[in-house]
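> take this sequence and fold it.
(one chain, ligands or ions: 1)
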Amino acid sequence: MAKKTKKRNTKTKPKLKSPNFKLSSQQKLIFGSLLIILGVLLFVSFLSHLFEGKEDQSLLANFPVRSNEYKNWAKQGGAWLSELFIDKGFGIASFIFSGLFFLSGIYVTLNLKKAKLRKHWIWGTLIVIWLSIFFGFFSHKYGMLGGTIGYEMNTFFQDYIGKIGTALLLLFGLITYAAIRFKANGETFTNLFKRAKKEFKDEFNSTKDNITEADDVPIDNSLTEEAEAIKSSFEIPLENLEPTIKNHSKLNPTKKDTELEVSITEPELKTQEIKPDVAIEVEEIKEEKSERDNLADKLVEDFGLFDPTLELGKYQFPPLDLLKQYNTEGITIDKDELEENKNRIVETLSNYKIGIQSIKATIGPTVTLYEIVPDAGVRISKIKNLEDDIALSLAALGIRIIAPIPGKGTIGIEVPNKKSTIVSMHSVIAAQKFQKSEMQLPIALGKTISNETFVVDLAKMPHLLMAGATGQGKSVGLNAVLTSLLYKKHPAEVKFVLVDPKKVELTLFNKIERHYLAKLPDSEEAIITDNTKVINTLNSLCIEMDNRYESLKNAFCRNIAEYNAKFKARKLNPNDGHQFLPYIVLVVDEFADLIMTAGKEVETPIARLAQLARAIGIHLIIATQRPSVNVITGIIKANFPARIAFRVTSKIDSRTILDGSGADQLIGRGDMLYTQGNDMIRLQCAFVDTPEVERITEFIGSQKAYPDAHLLPEYVGEESGTSLDVDIADRDKLFKDAAQIIVTAQQGSASLLQRKLKLGYNRAGRIIDQLEAAGIVGSFEGSKARQVLVPDLSALEQLLENEQQ
Ligand SMILES: Nc1ncnc2c1ncn2[C@@H]1O[C@H](COP(=O)(O)OP(=O)(O)OP(=O)(O)O)[C@@H](O)[C@H]1O
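All right, here's what the predicted structure looks like:
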């Protein structure tokens, strides 16, 4: 068993440990400075290689002879590195590598964002390659500036696409770079062109301006040197202006001068036009985050959101074709039957002097609902009182009268169809309502009277009580619930605890033990058929519940959904005992049997779970044949608002389950009433046959599984008493470590030791016994953790020292 538990521990560890690859801040400093030094060394070597490389080249043939006198500033090593990077590599573009190493050093030392550094490396390498090819293009002129790689790549390209092709390819590379790196587009280039044009124009105009201004000033016959230069650069305008300059006259409105003025005002107009287009840049105000969030963000950035399904990443959900489709599916309208029923209803009601205004039929899979609007003045209470008489007059089994239909003000009479249609599991699972549901634990129960697929969330129920006489469809109902969850939830997200005293109903699910089932650490079979083991399992679930509440409290979460979302966002540290929590669904088939044999011992933990477990993702589904008050007690009923009633034999039984009649009027074979506290809905339960369940479990069971079933916390029953006379010499090697853990956590539980020391259940249990014998923890207290009798570590040290003397 110890082996099994160990397996489970190793199962979860690799995932949890992945973020621990991080370096400590000291290691970062050492590694970062090494990178910086390497960057500087490369730069120095490369630089000196540019000047002295040729002389070193001949010596490198005898590398590594120590006596050789290298000219490189970093001697042999530098010469060798330069030869490798520059001559045999990428040419002078290799300088970028020295920069990248330097930058990496800074990033590592200062613990900056790694994603950015990765970007620098990717772009840096691409630039190196481009430059290498670019310089290689001119290798005939500038020798090996592009290195061997640049040269070889150039000859390769030129052989295939020629010189022009290679040049265009380089240009294409440049444009692509600008487009991706600087988000450039066609507009950027036209803007660039426009700006250049404008600058040129401005310069041109200002030159003209200077010249005109100069016209205001009396000028000597000899032109200044500047004017001379302007004159030579703007030949044509100056020639036109020449006479004016020569005559020392004021600016005359000659043709050319007007042109000049216009050209001066033009840019001003343009700027006015442009002004409204100038976009205002609003600096984004970033919300300050707490240190913990920043760390979580970083982890998410580096590793992505935590994915609980990763361990069984290749798991495939069962395909729909494993479920059977029936020919008799789909509603057929039998007009004669409808007419006949309508006439009988009208006749019967008229016997009791109840007039009808209108009647409307909704045909469901097993029953048809006739909705009647009575004449004005007819009291609903009258119809309600006549319920039984009307049912008798209609002389059919399974008639139910709903007076009034809630929220409608009409009276409903449900009459069974002569030919009922099967609601296949296939049809409800395939329904969009189920497939697209965003519920936490969606269950496709069946179809309503209006033939709509009925999907409910078990997490919202939060527990389900199912009752019905034998052979009315309970087991099929349970299978429908389990099948729905199997089709929607990954093995990492939900676990079942199955209790089956009948020993035959749920055995098929044994095949998915290592995928979906949860069990006690010491039990062989995951499906519990022995009533005494049920008590241990229920108490173990109570411990799991307490542990989960503790985890939720430490994580400041109100429910499992919030907790898991936080865990996925890596805001909870696995080293603090946090882990992804799967939903746990406890299914008890034949609860009456359990209560009869175990009584209070079962009722208490069930009631505790029912009262408290909703927030932490433990949900109970309890089925019973005998819905009597001593089985479904007040405390159980109070905590199970969601109930399903299949056909029962008496009105009293119906009252016990539903707090009202109705279940006794059902027709059986999956015909059921569902209530979640208020309205009662009549449903036809989806039918899933044993071979279908077998195919599904076979399909899941044949896939890669976890090493073991999900292990629940150990629960030491009273019968496994402790032997307190443990010799000090016989103590476990880990006794002291265990004592320290227990005292630090102030929680005397074996499961804590199992987790922290990676022990098997048996060994952890033995150590707890030894701790009890040593007076460190108190005696066994049922589902609660043992009391820790030593307040702190120094007291523990003292206690152990005293023992030695
Ligand atoms: N939803 C359904 N649609 C059609 N037929 C059904 C449906 N549910 C049950 N039946 C029929 O009723 C039979 C008995 O159903 P089931 O075994 O579920 O009853 P049960 O209430 O579990 O009985 P028991 O308590 O004795 O185990 C099935 O073999 C099947 O033929």
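
> count the neighbours of the closest residue to the ligand within the stretch 251-400 of the chain for me.
Among residues of the stretch 251-400 of the chain, the one nearest the ligand by C-beta to the nearest ligand atom turns out to be Thr366. It sits 8.4 Å away. Just so you know, the C-beta spots here come from the backbone N, C-alpha and C atoms, and that holds for glycine as well. Here the neighbour count serves as a burial measure; for Thr366 (other C-beta atoms under 10 Å) it reads 28.

> got it, and Gly407?
If you count neighbours by other C-beta under 10 Å, Gly407 ends up with 7.

> how about the one 10 residues further on?
By the criterion of other C-beta under 10 Å, Asn417 has 20 neighbours.

> then Ile164?
As a burial measure, the neighbour count of Ile164 was computed by other C-beta under 10 Å and equals 9.

> what of the one 10 residues further on?
Neighbour count of Leu174, defined by other C-beta under 10 Å: 12.

> touching, it and Ile127? I think so.
No - Leu174 sits out of contact with Ile127 when judged by C-beta atoms under 8 Å, with a separation of 10.3 Å.

> and the residue of the stretch 51-200 of the chain nearest the ligand?
Ala115 (54.3 Å).

> which stretch of helix or strand covers that residue?
Assigned by DSSP states H and E, Ala115 belongs to helix 114-137.

> same question for Ala623.
Here Ala623, judged by DSSP H and E, is contained in strand 618-624.

> and the helix or strand following that strand, what's buried?
For strand 618-624, the following helix or strand on the C-terminal side (DSSP H and E) is helix 634-639. Along helix 634-639, the positions that meet the burial threshold by neighbour count (16 or more other C-beta atoms under 10 Å) are Ile636, Lys637, Asn639.

> same question for stretch 384-394.
Buried residues in stretch 384-394, defined by neighbour count with 16+ other C-beta under 10 Å: Leu386, Glu387, Ile390, Ala391, Ser393, Leu394.

> tell me the pLDDT at whichever residue of the chain sits closest to the ligand?
With C-beta to the nearest ligand atom as the measure, the residue in the chain that lies nearest the ligand is Gly670; the distance is 2.2 Å. The score at Gly670 is 91. That number is its pLDDT.

> list the contacts for it?
With contacts taken as C-beta atoms under 8 Å, 6 or more residues apart in numbering, Gly670 has the following neighbours: Thr366, Val423, Gly446, Gln472, Gly473, Val476, Gly477, Phe646, Gln684, Cys685, Ala686, Phe687.

> quick one: strands adjacent to the helix or strand where the third one lies?
Spelled out, that is Gly446. Taking DSSP H and E as the definition, Gly446 sits inside strand 442-448. According to DSSP bridges, strand 442-448 has the following sheet partners: strand 453-457 (antiparallel), strand 680-685 (antiparallel).

> and the gap between the closest residue to Glu52 other than its chain neighbours and Val128?
Nearest residue to Glu52 in three dimensions, chain neighbours excluded: Lys71, at 3.6 Å (C-beta to C-beta, 6 or more residues apart in numbering). Noted for Lys71: a distance of 25 Å to Val128, by C-beta to C-beta, to the nearest Å.

> which one of those two is surrounded by more residues?
Just comparing Lys71 and Val128: by other C-beta under 10 Å the higher neighbour count belongs to Val128, 24 against 16.

> need the pLDDT of the more buried one.
The predicted local confidence for Val128 comes out at a pLDDT of 88.

> what does Lys286 give?
Lys286 is assigned 66 on the pLDDT scale.

> check contacts around Leu538.
With C-beta under 8 Å, 6+ apart as the criterion, the residues that contact Leu538 are Leu586, Val602, Pro605, Ile606, Leu609.

> do that again at 7 Å, thanks
Listed by C-beta atoms under 7 Å, 6 or more residues apart in numbering, the contact partners of Leu538 are Val602, Pro605, Ile606.

> any idea how far the first one lies from Ser450?
When you say that, I think you mean Val602. With distances defined as C-beta to C-beta, the gap from Val602 to Ser450 amounts to 39 Å.

> check the last one too.
In this structure, Ile606 and Ser450 are 35 Å apart, going by C-beta to C-beta.

> repeat for the second one
To Ser450, Pro605 is 40 Å away according to C-beta to C-beta.

> one more: Thr483?
Relative to Ser450, Thr483 is positioned 23 Å away (criterion: C-beta to C-beta).

> of those two, who's got more company?
Thr483 (24 against 10).

> which residues touch the closest residue to the more buried one other than its chain neighbours?
Excluding its sequence neighbours, the residue lying closest to Thr483 (C-beta to C-beta, 6+ apart) is Val688, at 5.3 Å. By C-beta under 7 Å, 6+ apart, the contact list for Val688 reads Met425, Val476, Asn479, Ala480, Thr483.

> quick check: residues of the stretch 601-750 of the chain near the ligand?
If contact is defined as C-beta under 6 Å from any ligand atom, the residues of the stretch 601-750 of the chain in contact with the ligand are Gln625, Arg669, Gly670, Cys685, Phe687.

> by neighbours, which of those residues wins?
In terms of neighbour count, Cys685 stands highest of those at 30 neighbours, by other C-beta under 10 Å.

> mind checking pLDDT for that residue?
At Cys685 the predicted local distance difference test score is 94.

> touching, it and Val476? I think so.
Yes - under the contact definition of C-beta atoms under 7 Å, Cys685 touches Val476, with a separation of 6.3 Å.

> the contacts of Leu538 into CSV, with extra columns for secondary structure and pLDDT?
Listed next are the contacts of Leu538 as CSV, based on DSSP: H, G, I helix; E, B strand; the rest coil; pLDDT from 0 to 100:
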residue, secondary structure, pLDDT
Val602, helix, 84
Pro605, helix, 87
Ile606, helix, 89
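
> for the residues you listed, which one is nearest Ser33?
When the contacts of Leu538 are compared for distance to Ser33 (C-beta to C-beta), Pro605 wins out at 59.9 Å.

> not counting sequence-adjacent ones, nearest residue to the closest one?
Leaving aside its sequence neighbours, Pro605 sits nearest to Leu538 (C-beta to C-beta, 6+ apart; 3.8 Å).

> what is the most widely separated pair among the contacts of Val688?
Greatest spatial distance among the contacts of Val688 (C-beta to C-beta): Val476 and Thr483, at 10.1 Å.

> what residues does this protein put near the ligand?
Listed as neighbours of the ligand in the chain under the rule C-beta under 6 Å from any ligand atom: 422, 468, 470-476, 625, 669-670, 685, 687.

> would you reformat those as JSON lines and include secondary structure and distance to Tyr352?
As requested, the residues of the chain next to the ligand are exported to JSON lines (DSSP: H, G, I helix; E, B strand; the rest coil; distance: C-beta to C-beta, whole Å):
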{"residue": "Ile422", "secondary structure": "coil", "distance to Tyr352": "36"}
{"residue": "Gly468", "secondary structure": "coil", "distance to Tyr352": "32"}
{"residue": "Thr470", "secondary structure": "coil", "distance to Tyr352": "36"}
{"residue": "Gly471", "secondary structure": "coil", "distance to Tyr352": "35"}
{"residue": "Gln472", "secondary structure": "coil", "distance to Tyr352": "32"}
{"residue": "Gly473", "secondary structure": "coil", "distance to Tyr352": "34"}
{"residue": "Lys474", "secondary structure": "helix", "distance to Tyr352": "37"}
{"residue": "Ser475", "secondary structure": "helix", "distance to Tyr352": "41"}
{"residue": "Val476", "secondary structure": "helix", "distance to Tyr352": "38"}
{"residue": "Gln625", "secondary structure": "coil", "distance to Tyr352": "37"}
{"residue": "Arg669", "secondary structure": "coil", "distance to Tyr352": "31"}
{"residue": "Gly670", "secondary structure": "coil", "distance to Tyr352": "33"}
{"residue": "Cys685", "secondary structure": "strand", "distance to Tyr352": "34"}
{"residue": "Phe687", "secondary structure": "strand", "distance to Tyr352": "38"}
